[in-house]
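Visitor: take a look and give me a structure for this.
(one chain, ligands or ions: 2)
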Amino acid sequence: MWLVKKFFIRCLTKFVGFVMGRMNLSEPELLSGPGSLQKLPELIYSKGVRSVLLVSDKGITGIGLTDPLATALEKIGVGCTVFDDVQPNPTITNIESGVEVYRRSQCDGIIAFGGGSAIDCAKIINARIANPKKSVSQMEGGMKISGPLSPMFAVPTTAGTGSECSLGAMVSNPETHEKFGVASPLLVPPYAVLDAQLMIGLPPHITSSTGMDALTHAVESYIGTWATDYTNSHAEQAVAIILRDLEATYLDGTDIERRQNLARASHYAGLAFTRAMVGYVHAISHNLGGLYSVPHGLANAVILPYVLDFCREDCETKLAKLAVVGGIGSDSESNESLSEKFIEKVREMNRNMDIPTGIPELQASDIPNLAKRALAEAHPQYPVPRLMNQSQCEEVLRKLLVD
Ligand SMILES: NC(=O)c1ccc[n+]([C@@H]2O[C@H](COP(=O)([O-])OP(=O)(O)OC[C@H]3O[C@@H](n4cnc5c(N)ncnc54)[C@H](O)[C@@H]3O)[C@@H](O)[C@H]2O)c1
Ligand SMILES: [Fe+2]
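Guide: Numbering: from 1, shown residues only. Ligands and ions are numbered 1, 2, ... in the order given. Predicted coordinates:
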């Protein structure tokens, strides 16, 4: 039975991959480097935008991170309305509030300023403005949005999600405790700013978990069956930077060069996974986020080694290559040993950055349902190297239980 099911999942995944491969995905035009945010007001003005909605969260506006930009915009003649009610794992209500503020302030453009939560929320606010008759729930899945969308400028403040270059956005529904994705090439922000100066004050635990999210994007896109030369080379660069710079940045976040490298790595990983997709780590993590609000990056960091253990033999050569790219082994070693080294490296990074080995919120009684939802999310749109069935997914989840 499982053999037949596997065959059908593989065929469907191949078909989805074929369609995705034909999609024309753009890359955002970048302003990059420490201090590059200063060039944003002029860019916004040059695009004819005169009233912008700045979407962020209170953690970011509370430390004054958005103030210089808001002032510079006003100075150049672009009105700036700040909407900072975005919650981590943004909700449908957050989006609707933002839509209301956008309309009330008669905005004609959007700045997404923050981590993945602010950027995803801004993406769907923008989609709702252009598709006023469609509710957020009706946008779930792929290709449910029509354009054109208002000009959007993404300013990531974590390194991180890669949402500034991805075609997706994740939304939480607090009523059902489910998290769902909205995907469309129209959601790729046309402009993005990679400015490490904004990340200097990022607390160590957010630096580590968001960095491990970027690593997960790189690894899952690399070992998946939709990987291409383009996605592989971006994923390899991301892995090399993250393995070299993340732990040092966790210990001392003030090195601007390392911060800029990590912003670049997150962006590369974003370019890779938005084309080659993610895998079971994300499927499980999204569902833990929906049910218990576990931060996305933290959940990924915890789950990544267990999922890699599960599929190691089926992607041994690729994990071995990542070990070499990451500077933790040499070509002369066997693929078996290198792939094991890579997984051990992930565990070591987690240990060194105080990331736990389990999820304290996880309840044993929720595991069957969580596994069911994770597999429904993954099949057929995640091109994983080894397929998981219900009992195998439950087994992985049981490893995350904390006594
Ligand atoms: N669309 C995509 O492609 C994609 C990919 C991965 C994850 N996601 C989604 O992104 C969300 C997670 O995003 P995230 O991990 O970036 O976290 P986040 O946006 O939820 O931010 C986490 C916390 O960090 C704070 N913060 C952010 N930048 C800061 C800074 N520079 N200084 C100080 N504090 C700062 C915020 O105030 C917040 O409290 C999840 O909802 C996840 O599902 C989306
Ligand atoms: Fe992610």
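
Visitor: list the buried ones in stretch 85-99?
Guide: Applying a neighbour-count criterion of 16 or more other Cβ atoms under 10 Å, one finds 85-92, 94-95, 97-99 buried in stretch 85-99. C-beta coordinates here come from the backbone N, C-alpha and C atoms, glycine included.

Visitor: same question for stretch 336-349.
Guide: Counting neighbours by 16+ other Cβ under 10 Å, one finds that the buried residues in stretch 336-349 are 338-343, 345-347, 349.

Visitor: of those, closest to ligand 1?
Guide: Closest to ligand 1 out of the buried residues of stretch 336-349 is M349 (16.7 Å), distances taken as Cβ to the nearest ligand atom.

Visitor: where's that closest one, which helix or strand?
Guide: helix 335-352 (DSSP states H and E).

Visitor: list of residues touching that helix?
Guide: Surrounding helix 335-352, the residues in contact under the criterion Cβ atoms under 8 Å, 6 or more residues apart in numbering are 212, 215, 243, 246-247, 250, 301-302, 304-305, 308-309, 312, 315-317, 319-320, 322-324, 326, 328-329, 333, 355-357.

Visitor: same check on stretch 131-145?
Guide: For stretch 131-145, the external contacting residues (Cβ under 8 Å, 6+ apart) are 92, 95-96, 124, 127-128, 130, 146, 171, 173, 180-184, 186-187.

Visitor: per-residue pLDDT, N335?
Guide: Turning to N335, the model gives it a pLDDT of 98.

Visitor: got it, and L12?
Guide: 87.

Visitor: leaving out chain neighbours, which residue sits closest to the most centrally placed residue in the chain?
Guide: When the chain is reduced to its mean C-alpha position, the closest residue under Cα atoms, centre = their mean turns out to be T161, at 3.0 Å. The shortest distance from T161 to any residue other than its chain neighbours is 3.1 Å, reached at G116 (Cβ to Cβ, 6 or more residues apart in numbering).

Visitor: report how many residues lie close to that neighbour.
Guide: For G116, the number of neighbouring residues by other Cβ atoms under 10 Å comes to 27.

Visitor: that one contacts T158, doesn't it?
Guide: Yes: A contact is recorded between G116 and T158 when judged using Cβ atoms under 8 Å, the distance being 7.0 Å.

Visitor: could you look up the next helix or strand downstream of the lowest-mean-pLDDT helix or strand in the chain?
Guide: Comparing every helix and strand of the chain by mean pLDDT, DSSP states H and E singles out helix 2-21 as the least confident one, with a mean of 84. In the C-terminal direction, the helix or strand that comes right after helix 2-21 (DSSP H and E) is strand 29-32.

Visitor: so which elements touch that next one?
Guide: Helices and strands in packing contact with strand 29-32 are listed as strand 191-194; criterion 3 or more Cβ pairs under 8 Å, 6 or more residues apart in numbering; DSSP states H and E.

Visitor: pull the distance from the next helix or strand after the strand it packs on to the chain's centre.
Guide: Sequence-wise, the next helix or strand beyond strand 191-194 is helix 204-223, with elements assigned using DSSP H and E. For helix 204-223, the distance between its averaged C-alpha position and the chain's averaged C-alpha position is 8 Å (Cα atoms, centre = their mean, to the nearest Å).

Visitor: also stretch 240-258?
Guide: Per Cα atoms, centre = their mean, the centroid offset for stretch 240-258 relative to its chain is 19 Å.

Visitor: buried stuff in that stretch?
Guide: 240-243, 245-247, 249-250, 253, 255, 258.

Visitor: in this structure, which spans are strands?
Guide: Along the chain, counting by DSSP state E, strands occupy 29-32, 51-55, 79-83, 109-114, 141-142, 152-156, 168-173, 178-183, 191-194.

Visitor: of these, give the one that comes closest to ligand 1.
Guide: Taking Cβ to the nearest ligand atom as the measure, these were each checked against ligand 1, and strand 168-173 came out nearest at 3.6 Å.

Visitor: how about residues contacting that closest one?
Guide: Taking Cβ under 8 Å, 6+ apart as the criterion, the residues outside strand 168-173 that touch it are 89-92, 95, 116, 119-121, 123-124, 136-137, 140, 163, 178-183, 187, 274, 286, 289-290, 293, 296.

Visitor: out of these, which are close to ligand 1?
Guide: Within the set of the contacts of strand 168-173, contact with ligand 1 (Cβ under 6 Å from any ligand atom) is found for 89, 116, 120, 163, 296.

Visitor: what residues does the chain have near ligand 1?
Guide: Taking Cβ under 6 Å from any ligand atom as the criterion, the contact residues of the chain with ligand 1 come out as 57, 59-60, 63, 88-89, 114-118, 120, 157-158, 160-163, 166, 168-170, 198-199, 201-202, 206, 210, 213, 296-297.

Visitor: ok, of those residues, which come out buried?
Guide: In terms of neighbour count (16+ other Cβ under 10 Å), the buried residues within the residues of the chain next to ligand 1 are 57, 59-60, 88-89, 114-118, 120, 157-158, 160-163, 166, 168-170, 198-199, 202, 206, 210, 213, 296-297.

Visitor: in the stretch 251-400 of the chain, what residue is nearest ligand 1?
Guide: Ligand 1 sits closest to H296 of the stretch 251-400 of the chain, with a gap of 3.7 Å, by Cβ to the nearest ligand atom.
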